[in-house]
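Participant: fold the following, please.
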Amino acid sequence: MHDQDPSTFGEFGEFDPSPEPPAAHAKVLRDELVAAAEWAARYLSELPQGPVARPLPAQLRSRLRAGQLPQRGGELGEVLDFVRDEIAPYPTGNGHPAFFAWVNSPPAPAGIVADLLACAVNATCGMGENALMDLERGTVRMLADLAGLPDSAGGVLTSGGSMANLLALATARTWFLTRRGSADGPAYDRDHARLTLYYSAQAHMSVAKAAACVGLPAHRLRPVATDPHDRLDPAALRAAVTADLDAGLLPFCTVTTLGTTATGAVDPLEPVTDLCRSAGMWHHADGAWGGLGASVPALAPHYAGVGGVDSLTVDPHKTLSVPVGCGALLVPDPEHLHTAFAHQASYLTAGEPDALPWLSHATIELTRPGTRALALWATLHHLGRDGVTGLIEHYLALAAELRERITAEPRLQLLSGGPWPVACFRITDPYGNAPDALHTRVARRVQDNGRAYLATVAVHGRTVLRAALCNYRTTTDDLDLLIREVLHAAER
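Facilitator: This is a model prediction of the structure:
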């Protein structure tokens, strides 16, 4: 256990090192917080010099999984020791600047500080009235403004894009059935059994998972074909909707993707919105990765019409490096969320008659952490509007650099992608044997070597290497390292 200094009393009065848990003497708590803060700062500073990831020893894995609670409680100082020795050395790797595998960002310093402070305040952002709940309303407005939604927009913070997509589909279903007069009773059973959902064939898997959670079986889901640039094809969408209407089904929602996971494509918004309006459908845009593109001049042309969507997912823990998990569902008309999720109980009564609806009325969660709102606000406050744009532009510049390096290397082949910062590429195999298996093996070897980390993805039926740029600490040196590691792994 790290050292304690029980000799300092100061403002904390008489020292009693061991009050009954879960309490702790104020000085002990202060010392542990200081020690934790010093360790965290040192850990983040030294992170780039270590391996991206390392395998978890089998013995430690078994011990962590065993979950054996001792009879007597331990000391507060053992928490830091445990994290330092048994948790921190075995991360996912997304804090390292040479991590390129998925859209998982490192934590922004402002978010780290805010997370700690919000835990101390420990207010719930679901019920009652407190400052963090109003702060959440304000930060949601900031996101909506950055995303290009109208001034009326609001929404709610979530654990991430998967939860936001689930809320969006549930809201769309309620909106659609309410307009048909079939929100309950036998009419609900009749109409719900005919609902059909449409989304790009490149959509994130959380869309289909959310559909299953709201009771849509797989045979009423419609993955829509994409064009050569991996964007949803509006003509294919119109054909699918028309065919289902002719068959007596009820098309109720289309999901577009702003920044596909595989290639960073952005689906066309305006033609999809036009179709949804003419067919009486809801248009949800999944912008978990790319939802803030309208704020970046180089990306803005791809976001024409974003203000006309009915709902939008944004993940600040992806694009803005807010600590996980902080997602958001944004809606131009927040009343749609209240219609879908507001429930009453005698033990949950708002104080003032003219008070705003509690945020629990806009989601399925009642108890909600204030860490999301404060970490998001702190990160946005630290960045400012220019900083948000500059951060995304940094990723775009790195992606352009990486694509140039891949193109210049005869042993690699760049595939089309973008506009979001991702590079998909293949290795030129002189033997031509099992190229998909080759790329899987190369990715695994790069990961095992620990100096860089990337993953594979299927693009147009082929397994390729994929590098996503979403780490504010990544430099061009890390790009060169990645290329060297891939080529070295391929040579082996």
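
Participant: so what touches the helix or strand hosting residue 484?
Facilitator: Taking DSSP states H and E as the criterion, residue 484 maps to helix 476-491. Defining contact as C-beta atoms under 8 Å, 6 or more residues apart in numbering, one finds that helix 476-491 is touched by 97-98, 100, 398, 401-402, 405-406, 409, 411-412, 427, 438, 441-442, 445-446, 449, 451-452, 454, 465, 467. To be clear about C-beta, it is placed using only N, CA and C from the backbone, and glycine gets the same treatment.

Participant: so who does residue 143 touch?
Facilitator: By C-beta under 8 Å, 6+ apart, the contact set of residue 143 is 155, 292, 314, 316, 328, 330, 376.

Participant: next, count neighbours for the closest residue to residue 238 other than its chain neighbours.
Facilitator: Nearest residue to residue 238, sequence neighbours excluded (C-beta to C-beta, 6 or more residues apart in numbering): residue 275, at 5.7 Å. Neighbourhood size, residue 275 [other C-beta atoms under 10 Å]: 19.

Participant: cool, and residue 443?
Facilitator: When neighbours are counted by other C-beta under 10 Å, residue 443 registers 22.

Participant: kindly report the same for residue 410.
Facilitator: Number of residues near residue 410 (other C-beta under 10 Å) recorded here: 7.

Participant: sorry, back to before: can you tell me which of the contacts of residue 143 is nearest residue 344?
Facilitator: Distance ranking of the contacts of residue 143 against residue 344, using C-beta to C-beta, places residue 155 first at 21.5 Å.

Participant: just the pLDDT at the closest one, thanks.
Facilitator: pLDDT for residue 155: 97.

Participant: same question, residue 4
Facilitator: Here, the pLDDT recorded for residue 4 equals 50.

Participant: what does residue 14 give?
Facilitator: 55.

Participant: below-threshold pLDDT in the protein: ranges please.
Facilitator: 1-18, 349-354, 430-433 (pLDDT under 70).

Participant: domains in it, by residue range?
Facilitator: Using automatic domain parsing, the domain parsing of the chain gives 10-79, 115-383, 385-491.

Participant: can you point out the buried residues in stretch 216-226?
Facilitator: Judged by neighbour count using 16 or more other C-beta atoms under 10 Å, the buried positions of stretch 216-226 are 216, 220, 222-224, 226.

Participant: just stretch 148-168 next, same as before
Facilitator: So stretch 148-168, judged by 16+ other C-beta under 10 Å, has buried residues 148-149, 153-168.

Participant: stretch 454-463 too?
Facilitator: For stretch 454-463, by 16+ other C-beta under 10 Å, it's 454-457, 459, 463.

Participant: burial measure for residue 108, as a count.
Facilitator: Using other C-beta under 10 Å, residue 108 has 24 neighbouring residues.

Participant: picking that back up, for residue 93, find the nearest of the domains of the chain.
Facilitator: Comparing those by C-beta to C-beta, domain 10-79 comes nearest, at 3.8 Å.

Participant: please enumerate the strands of the stretch 351-492 of the chain.
Facilitator: For the stretch 351-492 of the chain, the strands defined by DSSP state E, counting those that start in this stretch cover 412-414, 422-427, 455-459, 462-468.

Participant: reformat those as TSV; add distance to residue 133.
Facilitator: As requested, these are arranged in TSV below (distance: least, C-beta to C-beta, whole Å):
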stretch	distance to residue 133
strand 412-414	47
strand 422-427	36
strand 455-459	38
strand 462-468	34
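
Participant: ok, the residue lying closest to residue 356 once chain neighbours are set aside - contacts?
Facilitator: Closest residue in space to residue 356, ignoring its immediate chain neighbours: residue 137 at 7.5 Å, by C-beta to C-beta, 6+ apart. Listed by C-beta under 8 Å, 6+ apart, the contact partners of residue 137 are 154, 356, 359.

Participant: so which bits of the strand or helix carrying residue 137 are buried?
Facilitator: Assessed by DSSP H and E, residue 137 sits inside helix 131-147. By neighbour count on 16+ other C-beta under 10 Å, the buried set for helix 131-147 is 132-133, 135-137, 139-147.

Participant: quick one: the longest helix anywhere in the chain to helix 476-491, angle?
Facilitator: Scanning the chain for the longest helix, with DSSP state H as the assignment, gives helix 371-408. If you take axes from the mean of the first three to the mean of the last three C-alpha atoms, to 10 degrees, helix 371-408 sits at 60 degrees to helix 476-491.
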